[in-house]
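S.K.: Whatever this is, show me its structure:
(2 chains)
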Amino acid sequence: MPTIAQAEENEASSRFSLNGFGTLGMTRSSSNGAGFVRDLSQPHGSKGEWSANVDSLIGLQANWVLNDQLTVIAQGISRYHIGSSYDPELMWGFVRYDPNGYSSFRLGRLATDFYMYADSRHVGYTYLTVRPSTDYFGVLPFAHIDGADAQWTLPIGDLLLRTRIHGGWLNEKLPLAEHSWNLQGSRMLGGNVSLQSGAWTVRLSSSQLKFGHNLPIDDLTNGLKQTGAPSALAAARALDVADSTSRFDSLGAVYDEGPWQVQFMVSRARHSSQSFQNWQSGYFLAGYRVGSLTPFAGYSWIRSKARSLSTGLPGGNPFDELNAGVALVLSDSHADQHTTSLGLRWDFRENMDLKIQFDAIRGKPDSIFPFRNESSNWNGRTNVLTMVMDFVF
Amino acid sequence: MRLRPLLGLLLLLLLPVAGAGELAVVVRQDSEIGQLRRDDVINIFLGRYRQLPSGKLAEPLDLTPESGTFYERLTGKSRAEINAYWARLLFTGRTTPPRQIDSQEKLIDTLLKNPQAIGYIDSTRLDRRLRVIFEPER
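M.R.: The predicted model follows:
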């Protein structure tokens, strides 16, 4: 357990503590056809070679407990992300107000909490696996919002009912080929309800995003508009992401008792912009602890539905380029693959673990959404071997 | 000074407590906190909530050398699993782990100072200043 460095033992006085976490990892995908990334916030991944960038990171958190009701928390993380840099970013930075033992309100920068366990995606030590399932969490690159949330806990007999609502604005940029997509000002609203009974927890979540900016494909959309054809104009509008909404729903169930850890989650994403394909994803994970070793096995999948969008423009110059551009945007968000994972977590000493994990990703050649820098020889299949050491302090 | 161990022995004979090596969840004798069910103890010690039926806040205390055994008996989870669980709560800014106390003497002192505090000690260390509100073994 991270030890709380207390300035004083007197419980009435405020307490300041500094804690941290980190992962040192080496990741290698077997195929040089596409870059395997932890999530889409990373501009490059492992493409047939060992990479320390995919899973390594370090985080530091300051907790300042002012009194029973008020706490201030700031957490910075340095990880490989946009700009191929490790520039630290503020992941959490908020004031928490707990008026009583059942409710909690937070205001400031909050990590996004789309799905169960999504808000601790960077803390490897809290995960049984080396990383959250890439089929399931990897396509959600939104890390934090500036806003507020509220949570209520209600014990009903042997049940524990928990409700949470959150709202705010995204504040980051995402790498997209050589460009970046500005997410700043995109509004996010959502909530979840979870029910806990003994070893079981079930959670239903829903979040909606309203994007503030278009994808960096102005050349294409301007080209379509300049043709003057109403059908091309309509196609350009359908590709607009600004003011379009995306909705993410998920249902998760966790069984956590004695040596067993079992998780099952399914989700679906619905996008009103034609630039993104609707997808469904899910995973199943089971681990059984024997002493300090926990072998685990998992299966995950993601599948999206191809869209069709006609520009109405005839073939031949100069329209071929525009038609090809639209087809490229539409195909870029396609995913159709499943992953089988096997691994071992070894809690070799207090607050540290070593993990080794093997993932066999099997998909169609057109499944490129979860990857970066696809080559023409990408056949949708790659194996990923990862070794990490996680720690908290 | 020599009376204390004798008194402890006497109490051990009189009280229907479990044998040595077993842990009891205790509060100060005059604490408002009544008997707790297993689920209540789990929820309070795992930071799910801290509200007591009286409306006041419970303050759970961890006894460092015994905490592995305590959580193992309470939840069947290893110390590493409980640490990972707390790391998730801590690094998502939800709550902080219970205060860590490294000896039974200090734990008893803290309990005596704070009627909202809940701790666990070896049942051989019970005395009349403390009241048992839950026994994980039962």
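S.K.: ok, residues contacting stretch A:325-337?
M.R.: For stretch A:325-337, the external contacting residues (Cβ atoms under 8 Å, 6 or more residues apart in numbering or on different chains) are A:135, A:139, A:215, A:217, A:219-220, A:223-224, A:235, A:239, A:274-277, A:279, A:281, A:301-304, A:306-309, A:311, A:361-364, A:366-370, A:380. Quick note: C-beta positions are derived from backbone N, CA and C, even for glycine.
S.K.: Could you export that stretch as CSV, CA atoms only?
M.R.: What follows is stretch A:325-337, C-alpha atoms only, in CSV (Å, rounded to 0.1, in the frame of the first residue of the first chain):
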residue,chain,number,x,y,z
GLY,A,325,-9.9,10.9,-50.0
VAL,A,326,-13.4,10.3,-48.8
ALA,A,327,-12.9,6.5,-49.0
LEU,A,328,-9.7,6.9,-47.0
VAL,A,329,-11.4,8.8,-44.2
LEU,A,330,-14.2,6.3,-44.1
SER,A,331,-11.9,3.3,-44.0
ASP,A,332,-9.5,4.8,-41.4
SER,A,333,-11.9,4.2,-38.5
HIS,A,334,-12.5,0.5,-39.4
ALA,A,335,-11.8,-2.2,-36.8
ASP,A,336,-12.5,-5.9,-37.0
GLN,A,337,-10.3,-8.0,-34.8
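S.K.: Could you give me the buried positions within that stretch?
M.R.: Residues of stretch A:325-337 classed as buried: A:325, A:326, A:329, A:330, A:332, A:333, A:334, A:335, A:336, A:337 (neighbour count, 16 or more other Cβ atoms under 10 Å in any protein chain shown).
S.K.: Likewise for stretch A:180-198?
M.R.: A:181, A:182, A:183, A:186, A:187, A:188, A:189, A:190, A:191, A:192, A:194, A:196.
S.K.: Out of the contacts of stretch A:325-337, which sit inside helices?
M.R.: Taking DSSP state H as the definition of helices, the contacts of stretch A:325-337 contribute A:219, A:220, A:223, A:224, A:235, A:239.
S.K.: Most widely separated two among those residues?
M.R.: Based on Cβ to Cβ, the longest span within the ones in helices among the contacts of stretch A:325-337 runs between A:219 and A:235 and measures 14.4 Å.
S.K.: So between these two, which is more surrounded?
M.R.: Neighbours were tallied for residue A:219 and for residue A:235 using other Cβ atoms under 10 Å in any protein chain shown; the higher tally belongs to residue A:235 (24 against 11).
S.K.: Could you count how many residues lie near the closest residue to chain A within chain B?
M.R.: For chain B, the residue closest to chain A is residue B:51, as judged by Cβ to the nearest Cβ, at 2.9 Å. Applying other Cβ under 10 Å, we find 18 other residues in the vicinity of residue B:51.
S.K.: So what does it have for phi and psi?
M.R.: Residue B:51 adopts backbone torsions of phi -70, psi 130, taken as degrees, to the nearest 10.
S.K.: gap between the residue nearest to it when sequence neighbours are not counted and residue A:59?
M.R.: Counting by Cβ to Cβ, 6 or more residues apart in numbering or on different chains, residue A:101 is the residue found nearest to residue B:51 once chain neighbours are left out, at 2.9 Å. Counting by Cβ to Cβ, to the nearest Å, the gap from residue A:101 to residue A:59 is 28 Å.
S.K.: Tell me which of those two has more neighbours.
M.R.: Higher neighbour count among residue A:101 and residue A:59: residue A:59, with 21 against 18, using other Cβ under 10 Å.
S.K.: which stretch of helix or strand covers the more buried one?
M.R.: strand A:57-65 (DSSP states H and E).
S.K.: ok, and for that strand, which residues are buried?
M.R.: So, applying 16+ other Cβ under 10 Å, buried residues of strand A:57-65: A:57, A:58, A:59, A:60, A:61, A:63, A:65.
S.K.: Which ones among those residues also lie next to chain B?
M.R.: A:59, A:61, A:63, A:65 (Cβ under 8 Å from any Cβ of the partner chain).
S.K.: could these go into JSON lines alongside distance to residue B:114?
M.R.: Below are those laid out as JSON lines (distance: Cβ to Cβ, whole Å):
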{"residue": "A:59", "distance to residue B:114": "33"}
{"residue": "A:61", "distance to residue B:114": "27"}
{"residue": "A:63", "distance to residue B:114": "21"}
{"residue": "A:65", "distance to residue B:114": "16"}
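S.K.: can you map out the strands along chain B?
M.R.: Taking DSSP state E as the test, the strands found in chain B are B:23-28, B:59-63, B:99-101, B:117-122, B:130-134.
S.K.: Okay, now the sheet partners of the shortest one, with direction.
M.R.: Partner strands and pairing direction for strand B:99-101 (DSSP bridges) are strand B:59-63 (parallel).
S.K.: now the strand it pairs with: how far from the chain's centre is it?
M.R.: Chain-centre distance of strand B:59-63: 6 Å, with Cα atoms, centre = their mean, to the nearest Å.
S.K.: And for that strand, what's in contact with it?
M.R.: Counting by Cβ under 8 Å, 6+ apart, A:1, A:11, B:44-45, B:50, B:70, B:97-104, B:107, B:110-111, B:114, B:116-121 sit against strand B:59-63.
S.K.: One more pass at 10 Å, please.
M.R.: A:1, A:11, A:68, B:23, B:25-26, B:41, B:44-47, B:50, B:67, B:69-71, B:82, B:86, B:97-104, B:106-107, B:110-111, B:114-122 (Cβ atoms under 10 Å, 6 or more residues apart in numbering or on different chains).
S.K.: Just the buried residues from the residues you listed, in ChimeraX please.
M.R.: A single ChimeraX command selects the buried members of these (16+ other Cβ under 10 Å):
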select /A:1,11,68 /B:23,25,26,41,44,45,46,47,50,67,69,70,71,82,86,97,98,99,101,104,107,110,111,114,116,117,118,119,120,121,122
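S.K.: Quick check: which of the buried residues of strand A:57-65 has the minimum pLDDT.
M.R.: By pLDDT, residue A:65 ranks lowest within the buried residues of strand A:57-65, coming in at 92.
S.K.: Leaving out the residues flanking it, which one is nearest to that one?
M.R.: Nearest non-adjacent residue to residue A:65 (Cβ to Cβ, 6+ apart): residue A:15, at 4.5 Å.
S.K.: Of all the residues in the helix or strand where residue A:285 lies, which ones are buried?
M.R.: Under the criterion of DSSP H and E, residue A:285 resides in strand A:279-288. Buried residues in strand A:279-288, defined by neighbour count with 16+ other Cβ under 10 Å: A:279, A:280, A:281, A:282, A:283, A:284, A:285, A:286, A:287.
S.K.: quick one on the thing from earlier: let's have the strands of chain B in TSV, adding distance to residue A:346 and mean pLDDT.
M.R.: Shown next, in TSV, are those (distance: least, Cβ to Cβ, whole Å; pLDDT from 0 to 100):
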stretch	distance to residue A:346	mean pLDDT
strand B:23-28	28	95
strand B:59-63	25	95
strand B:99-101	25	92
strand B:117-122	29	95
strand B:130-134	33	95
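S.K.: looking at those, which is closest to residue A:389?
M.R.: By Cβ to Cβ (comparing all of these), the closest turns out to be strand B:99-101, at 24.4 Å.
S.K.: How far does the closest one sit from its chain's centre?
M.R.: Using Cα atoms, centre = their mean, the offset of strand B:99-101 from its chain centre is 11 Å.
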